[in-house]
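**Q** A predicted structure for the sequence below; I have some questions about it.
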Amino acid sequence: MQNSFQADDFSIRIIQMIDGANYSIRMVMAWFTDASLLKALCNKASAGVEVELLLLNHELNRERGINFGKLEDAGGKIWRVSNTVGYEDHLLKEFCILDRYYVIHDLGPSTTHTQAARQMAPRISESKELADQYLGNFEDLKRKFLGQSGKQTAADYGNLCTRLITLREVVRTGDMEDIAYLSGKLEKYVRHFVDPNLQIIHNIIASASNREYSKIIVLIDRFLSSFASVAVYADPEIAALRLELSVLEMEISNLVSERRGIEKTIYEFRVYRERELGPLLKKLFELRTEKLKEEAIINPGREQAYSRARQEYDNYRKMADDLEEDQHIKLSETEERELKYKYRKACKLCHPDTLDERFKAQAAVIFHDLNEAYNHSDLARIESILKDLENGKFRSQSETLAEKGTMLRKVTELKNLRNKEQQLLQNLRNDAMYLQIMRISNWAEYFGSLRNDLLRELKKLESETIRIEK
């Protein structure tokens, strides 16, 4: 399917198309002079869409005040083609590929400075086959003028060494979830390189997948002994700070996950109690309050006891109403384990306090949705959120920060946050209701016994109320 549109409508139309992209954007431009178009690309890159822009390293692109660095800061990639024989002929055939399905041809009207280019009518095609052909052209252009296929030929050994040291320390702690998380991030990082020296990294990732933890340690030590000297650090303290940030980020995520798990246990205990004993508790509160009210009329000294009973009843009714309005999904034991595992995994990927500033606002919304889904045991929603996060581009502070002063401040901030989370977690562990819950081995038996006690108390209250009425 193919559509044409007028050059005058080009800017609006292409921005609309870009705004609708979900996965990837590849664009070839000769002269790029539209600031609104760059802003649209930056927005998509910040949202996690893969954005690559290939354009001329030409004075026109340097003198129009377009800050291409914003796209790189947002996570996009820019490939600049220098003045090489044949470069202009190739890049005048401008195009844009969206989500490997839509192709916009002949982008000249908005971006070029030649009359011939302005006379071409841009066209849109919807075809995966055609999009794949243009993707091939895109990679060919990078090979022809940049000598690469979109993958860097040499890895950043300093970055790799830092990642491996972090992974090694986590392996020694035995936290399997963190091992899987870090090895997954390592796999995503190295896939961008074609460095032959990285085979050992792929072996480390495979060992993590197979849970061969002793082998991971051996392979990491082997890589570090071979390549640590190759790594170039502007300041040795930077690597240590990056490692410390990474560890703090994981500690915070784990503390938050554990705290949320305890809060969820307390919440589910209340839901279970209300389901098993709700009508009985309500009747008891009513009778007890009514009895004390009658006693207070006869004896003013009982007024305080009556006020306390009435307040307790009001608090109970509010809690019961909140639980009744809440939609809680019942899960099997296997599903409950899956829920907790995937929640913890997602929490590591989107906790706002551990992410780069560019992603905090968007991550806060996702983190709120994640917690809501966890509260309601909505496994399907958590799986959906996790899938989006794993395909996204959120980057942590340990990955993006490079200036020592800023890193030192962030380490202090994260330590304070970790200490706060530790205190919140300790308070929950000492919570009277949570301690009571931990002593109960079988909820059904516990509430069955409690029901019998409450029935006896109710019968006693009913008989006492009858005597007062007489």
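**A** Arrived safely.

**Q** and the closest residue to L98 other than its chain neighbours, which of the three is it?
**A** Nearest non-adjacent residue to L98, counting by Cβ to Cβ, 6 or more residues apart in numbering: A21, 4.7 Å away. Yep, even glycine has a C-beta here, placed from its N, CA and C like the rest. Here A21 is coil, with the state taken from DSSP: H, G, I helix; E, B strand; the rest coil.

**Q** dihedrals phi and psi, V49?
**A** phi -80, psi 140 (degrees, to the nearest 10).

**Q** next one: S332
**A** Backbone geometry at S332, expressed as degrees, to the nearest 10, gives phi -80, psi 170.

**Q** can I get stretch 416-428 as PDB, trimmed to CA atoms?
**A** The C-alpha coordinates for stretch 416-428 follow below in PDB (Å, rounded to 0.1, in the frame of the first residue of the first chain):
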ATOM      1  CA  ASN A 416      20.300   7.800  52.500                       C
ATOM      2  CA  LEU A 417      17.500   6.200  50.600                       C
ATOM      3  CA  ARG A 418      18.800   2.700  51.300                       C
ATOM      4  CA  ASN A 419      19.000   3.500  55.100                       C
ATOM      5  CA  LYS A 420      15.500   4.900  54.900                       C
ATOM      6  CA  GLU A 421      14.200   1.700  53.200                       C
ATOM      7  CA  GLN A 422      16.100  -0.500  55.800                       C
ATOM      8  CA  GLN A 423      14.300   1.400  58.600                       C
ATOM      9  CA  LEU A 424      10.900   1.100  56.900                       C
ATOM     10  CA  LEU A 425      11.500  -2.600  56.400                       C
ATOM     11  CA  GLN A 426      12.600  -3.100  60.000                       C
ATOM     12  CA  ASN A 427       9.500  -1.300  61.300                       C
ATOM     13  CA  LEU A 428       7.400  -3.700  59.200                       C
END
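
**Q** for it, what is the average pLDDT?
**A** Averaged over stretch 416-428, pLDDT sits at 93.

**Q** before we move on, what about stretch 284-291?
**A** 84.

**Q** go on, stretch 226-240?
**A** pLDDT averaged over stretch 226-240 gives 58.

**Q** what about it, how long is it end to end?
**A** Taking Cα to Cα, to the nearest Å, stretch 226-240 runs 19 Å from one end to the other.

**Q** ditto for stretch 341-359
**A** Stretch 341-359: ends 24 Å apart by Cα to Cα.

**Q** all helices for the stretch 201-350 of the chain, in order.
**A** 213-227, 236-298, 303-325, 333-350 (DSSP state H, counting those that start in this stretch).

**Q** with the stretch 351-470 of the chain instead?
**A** For the stretch 351-470 of the chain, the helices defined by DSSP H, counting those that start in this stretch occupy 360-375, 379-390, 397-400, 404-429, 432-439, 443-469.
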